[in-house]
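Novice: this one's structure only:
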């Protein structure tokens with residue numbers, strides 16, 4: 001069934017602690033694509049790659065560490081979008097591999113029961129950091145038959161302070177973190193770039209009589225391409241709570257806004273964040 005793009009919340013992998021039995025994953029609200037032609041053999045630079053596509057079933061985000069070795073590429077990448085690709089605390093990456101032949105880069109990865117193929121033409125330069133002319137296709141799984149255009153760029157660091165107002169409570173959410181310069185190489189977050197709290201860390205403010213503090217979980221918070229995932233543990237007017245956040249950079253090469261996903265909050269009160277275990281929009285702007 002063709003997916004009508006909207007707020008995607010899949011239930012199964014993220015187990016809330018401290019007595020909440022539900023589990024959550026987050027997905028996108030909206031985004032878009034690229035196209036192309038071919039010639040000679042180039043190579044692809046190694047680093048944090050952001051692949052963003054617009055397909056039959058809506059936006060597709062594939063991001064993470066990609067290593068180029070001669071004309072071959074390999075890596076671990078996270079997938080969000082399409083019909084059923086969401087992300088949570090337990091979500092692992094998709095291992096991808098491929099090569100450049102006659103100026104065309106073809107990469108394939110398997111996630112669940114889906115095989116995703118990315119194809120980029122005009123890969124003729126050495127150490128390319130931008131792949132503007134691409135397509136993707138999906139075989140199998142809940143997103144079977146999905147296809148569309150896709151572009152790829154090397155993402156910059158997201159380190160810094162990010163802030164945004166919760167749309168309903170108007171409370172201010174501020175998160176300052178440092179992004180690791182190298183990707184995690186093993187385990188369930190392989191291919192991602194961990195985020196560690198720095199400076200002021202997590203600060204909630206702006207609501208009289210509402211006292212909420214937060215700690216960024218560096219073991220689960222990361223960037224992967226244009227994807228930003230945050231896990232924040234809170235003390236909300238003495239009550240323990242948990243917030244997960246997913247967003248996408250407006251420009252992975254020079255990110256100034258993270259949006260298009262949202263947050264889920266459970267365990268605390270409602271004074272700062274909407275505590276109903278449902279995904280709500282929240283945009284963060286770089287300060």
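Specialist: In hand now; what should we look at? None of the values given here were measured: they were computed from a predicted structure. Numbers count the residues shown, from 1 in each chain.

Novice: what sits against the residue positioned nearest the centre of the chain?
Specialist: Geometric centre of the chain, nearest residue: residue 227, 2.3 Å, by C-alpha atoms, centre = their mean. Going by C-beta atoms under 8 Å, 6 or more residues apart in numbering, residue 227 touches 50, 61, 63, 78, 80, 87, 246, 247, 248. All C-beta atoms are positioned from the backbone trio N, CA, C, and that covers glycine.

Novice: give me the pLDDT value at the second one.
Specialist: We note a pLDDT of 98 for residue 61 in this prediction.

Novice: equivalent analysis for the fifth one, please.
Specialist: At residue 80, the predicted lDDT confidence score is 97.

Novice: list the contacts for the nearest residue to it once chain neighbours are set aside?
Specialist: Nearest residue to residue 80, sequence neighbours excluded (C-beta to C-beta, 6 or more residues apart in numbering): residue 61, at 4.6 Å. Taking C-beta under 8 Å, 6+ apart as the criterion, residue 61 is in contact with 28, 31, 50-53, 78-81, 225-227, 248.

Novice: just send these back as TSV, with distance to residue 134 too.
Specialist: Converted to TSV, the contacts of residue 61 look like this (distance: C-beta to C-beta, whole Å):
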residue	distance to residue 134
28	18
31	15
50	12
51	8
52	10
53	8
78	18
79	15
80	17
81	15
225	14
226	15
227	18
248	17
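
Novice: what's the closest of the residues you listed to residue 234?
Specialist: Set against residue 234, the nearest of the contacts of residue 61 by C-beta to C-beta is residue 227 (22.3 Å).

Novice: who's that closest one bridged to?
Specialist: Judged by DSSP bridges, the bridge partners of residue 227 are residue 224, residue 248.

Novice: now it: how far from residue 278?
Specialist: Distance check for residue 227 against residue 278: by C-beta to C-beta, to the nearest Å, it reads 21 Å.

Novice: residue 145 too?
Specialist: According to C-beta to C-beta, residue 145 stands 29 Å off from residue 278.

Novice: for residue 106, same thing?
Specialist: Separation of residue 106 from residue 278 (C-beta to C-beta) stands at 39 Å.

Novice: what do you get for residue 122?
Specialist: Shown here: residue 122 relative to residue 278, a distance of 43 Å by C-beta to C-beta.

Novice: these two: who's more crowded?
Specialist: Taking other C-beta atoms under 10 Å, residue 122 and residue 278 do not tie; residue 122 has more neighbours (19 against 14).

Novice: in what helix or strand does the nearest residue to that one once chain neighbours are set aside lie?
Specialist: Using C-beta to C-beta, 6+ apart and skipping residues adjacent in sequence, the residue nearest residue 122 is residue 133, 5.2 Å away. In this assignment (DSSP states H and E), residue 133 forms part of strand 130-139.

Novice: return the set of buried residues in that strand.
Specialist: For strand 130-139, a neighbour-count test (16 or more other C-beta atoms under 10 Å) marks 131, 133, 134, 135, 136, 137, 138, 139 as buried.

Novice: now render those as TSV, adding pLDDT.
Specialist: Output for these, formatted as TSV (pLDDT from 0 to 100):
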residue	pLDDT
131	98
133	97
134	98
135	98
136	98
137	98
138	98
139	98
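
Novice: so where's this protein shaky on pLDDT?
Specialist: Along the chain, segments meeting pLDDT under 70 span 1-40.

Novice: hmm, what's the outermost residue in it?
Specialist: Distance from the C-alpha centroid of the chain, by C-alpha atoms, centre = their mean, peaks at residue 209 (33.6 Å).

Novice: good, we can wrap up now.
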